[in-house]
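# Sequence plus predicted model, see below.
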Amino acid sequence: LTLPALSLIAEERTLRGSYLGSSVPRRDIPRFIGMYRAGNLPVDRLLSHRIRLDEINEGFDRLHSGAAVRQVITF
């Protein structure tokens, strides 16, 4: 990872780590649903696959190979 030190200092930028994001479900889930309903959160474009429960192993294979990013299991 290479970062421009001048931008960090002169533009007062911040580098912050995150693992799968961070949220407060009680606050954020209703907000995300509202954004989705208003057309401001394109969930469908963020999904790479929709899979059935019996396709779970294939889903993990796609994740492992990098062929999928986000998949939704449809029950």
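Arrived safely. Numbering: from 1, shown residues only.

# Please make it C-alpha for all contacts and neighbour counts, starting now.
OK.

# which helix of the chain spans the most residues?
Assignment by DSSP state H gives helix 25-37 as the longest helix of the chain.

# neighbouring contacts of it?
Residues from elsewhere that reach helix 25-37, judged by C-alpha atoms under 8 Å, 6 or more residues apart in numbering: Leu41, Pro42, Val43.

# ok, how many other residues are close to the last one?
Each residue near Val43 was counted by other C-alpha atoms under 10 Å, and the total is 11.

# Identify the spatial nearest neighbour of it, chain neighbours not counted.
Leaving aside its chain neighbours, Val43 sits nearest to Tyr36 (7.1 Å; criterion: C-alpha to C-alpha, 6 or more residues apart in numbering).

# With Leu46 instead?
Of all residues not flanking Leu46 in the chain, Arg70 sits nearest, at 6.9 Å (C-alpha to C-alpha, 6+ apart).

# Can you verify my assumption that the one you found contacts Ser48?
Yes. In this structure Arg70 lies within contact range of Ser48 using C-alpha atoms under 8 Å: 5.5 Å.

# Could you check how far the residue nearest to Leu46 is from Val24?
Separation of Arg70 from Val24 (C-alpha to C-alpha, to the nearest Å): 21 Å.

# These two: who's more crowded?
Shown here are Arg70 and Val24; by other C-alpha under 10 Å, Arg70 has more neighbours (13 against 7).

# and that one, what does it touch?
Neighbour list for Arg70: Leu46, Leu47, Ser48, His49 [criterion: C-alpha under 8 Å, 6+ apart].

# Which ones among the residues you listed lie within strands?
His49 (DSSP state E).

# What distance do you get for Arg50 to Thr2?
Arg50 is 35 Å from Thr2, where distance means C-alpha to C-alpha.

# quick one, which of these two is more surrounded?
Taking other C-alpha under 10 Å, Arg50 and Thr2 do not tie; Arg50 has more neighbours (14 against 4).

# residue contacts, the more buried one?
Here Arg50 is in contact with Gln71, Val72, Ile73, Thr74 (C-alpha under 8 Å, 6+ apart).
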